[in-house]
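Trainee: Any chance you could fold what I've pasted below:
(chains A, B and C)
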Amino acid sequence: MPELPEVETIRRGIKPLITGKKVLRTVLRSSRLRWSASVSDLAALAGQEVVDVERRAKYLILHFSDDWLILHMGMTGSLRYRPSGCPPAKHDHFDLVFDDGFLLRFRDPRKFGGLLFSHESPFSTPLFAGLGPEPFSEQLDGHYLHGLARGRKIPVKNFIMDQKIIAGIGNIYANEALFLSGIRPSRAAGRIGPGRYEVLAGNIRRVLSHAIEAGGTSIRDFQNSDGRPGYFSVQLNVYGKEGCPCPRCGARIEAARTGQRSTFFCPHCQR
DNA sequence: CTTTACGCCTGACGGC
DNA sequence: TGCCGTCAGGCGTAAA
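Mentor: Numbering: from 1, shown residues only, chains lettered A, B, ... in the order given. Take a look at the predicted model:
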């Protein structure tokens, strides 16, 4: 569930549940995640309280009294908040057990996600240094995108999914934002003017904020949901709609591949 | 430097 | 029913 809106929805869901809670112990069941904090580092979290729950790009940041734990959901990661007695299911790799009888549990069947431990704020470490601006920051506008795209030949869809350019855009919302902007995903990033990039920047924000709002409607179900709050309630225009009529002009939505990722677009509206 | 290809993992689905 | 290929919302690295 990995794009920015899903991670933000998780953040909003768990923040009120775990802020101020004290860690009793941690349980790591898998050592083969893409990234994994060491058992000894994780053990140091015992006794610490959750100070805040933050997000940067698609990373979820648990800020404890002394240390930080950074979670990435990969393609299939999810979190659950359950009573401590609940037995782990398949692919439940990590538990953060609190002293009030509840735990936060990380599940990831494909193990593309992972955990990172840090003694200092990740906002000042190399991990985040290379990330582009958050989509809702003032830095993201037409001039910014146009400047970085100058001379580049990669498809604009790959360009906006590059986390160094903008943080948090994944395959679904890249497709959707380009549809709203009337830009063909395969168009070379360097062959789009500042005006069209301004439109695109606005539509990126629009798509992401709609998705976050949709996620928000299911936050209160977080404790009992399957760990993917809000995800399926988002109305999509093109993603996964191959052969369906374009909501704007009625032409058939086409599917293609750009950079080994599936791409959907309206051949009539998007140029 | 930019761009492309691949690997990491498991599960779901469609065709035979 | 089972087997097999293909696909999946991400990202890091190697190679061209």
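Trainee: any weak-confidence spans in the stretch 101-250 of chain A?
Mentor: A:216-233 (pLDDT under 70).
Trainee: where do the strands sit along it?
Mentor: Ranges of strands in the stretch 101-250 of chain A, per DSSP state E, counting those that start in this stretch, are A:102-107, A:114-118.
Trainee: Need the winner for burial among the ones you listed.
Mentor: Among the strands of the stretch 101-250 of chain A, strand A:102-107 has the highest mean neighbour count (mean count of other CB atoms under 10 Å), at a mean of 22. Glycine gets a C-beta too; all of them are placed from N, C-alpha and C.
Trainee: Burial check on A:Pro126, number of neighbours?
Mentor: Number of residues near A:Pro126 (other CB atoms under 10 Å) recorded here: 7.
Trainee: where does the stretch 51-200 of chain A come near DNA strand B, residue by residue?
Mentor: A:90-91, A:109-112, A:152-155, A:158, A:189-190 (CB under 7 Å from any atom of the strand).
Trainee: Get me the contact residues on the stretch 51-200 of chain A for DNA strand C.
Mentor: Near DNA strand C, when you scan the stretch 51-200 of chain A using CB under 7 Å from any atom of the strand, you find A:57-58, A:72, A:74-75, A:110, A:112, A:161, A:163, A:170-172.
Trainee: filter those to the buried ones?
Mentor: The neighbour-count test (16 or more other CB atoms under 10 Å) marks A:57-58, A:72, A:74, A:161, A:170-172 as buried among those.
Trainee: between these, which is nearest DNA strand B?
Mentor: A:Gly74 (8.2 Å; CB to the nearest atom of the strand).
Trainee: quick one, what contacts the closest one?
Mentor: The neighbours of A:Gly74, taking CB atoms under 8 Å, 6 or more residues apart in numbering as the test, are A:2, A:34, A:108, A:110-114.
Trainee: Format those residues as TSV; extra columns: distance to A:Pro194.
Mentor: Compiled in TSV, the contacts of A:Gly74 are given as follows (distance: CB to CB, whole Å):
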residue	distance to A:Pro194
A:Pro2	30
A:Arg34	37
A:Asp108	40
A:Arg110	39
A:Lys111	41
A:Phe112	35
A:Gly113	36
A:Gly114	38
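Trainee: Next, give me the two most distant ones among the residues you listed.
Mentor: Taking CB to CB as the measure, the contacts of A:Gly74 span a maximum distance of 13.3 Å, between A:Pro2 and A:Lys111.
Trainee: between these two, who's got more neighbours?
Mentor: Shown here are A:Pro2 and A:Lys111; by other CB under 10 Å, A:Pro2 has more neighbours (20 against 17).
Trainee: how close does the nearest residue to that one once chain neighbours are set aside get to A:Cys246?
Mentor: Excluding the flanking residues, the one nearest A:Pro2 by CB to CB, 6 or more residues apart in numbering is A:Met73, at 4.7 Å. Applying CB to CB, to the nearest Å, the value for A:Met73 to A:Cys246 is 31 Å.
Trainee: Neighbour count: those two, which is higher?
Mentor: Comparing A:Met73 with A:Cys246 by other CB under 10 Å, the one with more neighbours is A:Met73, at 24 against 20.
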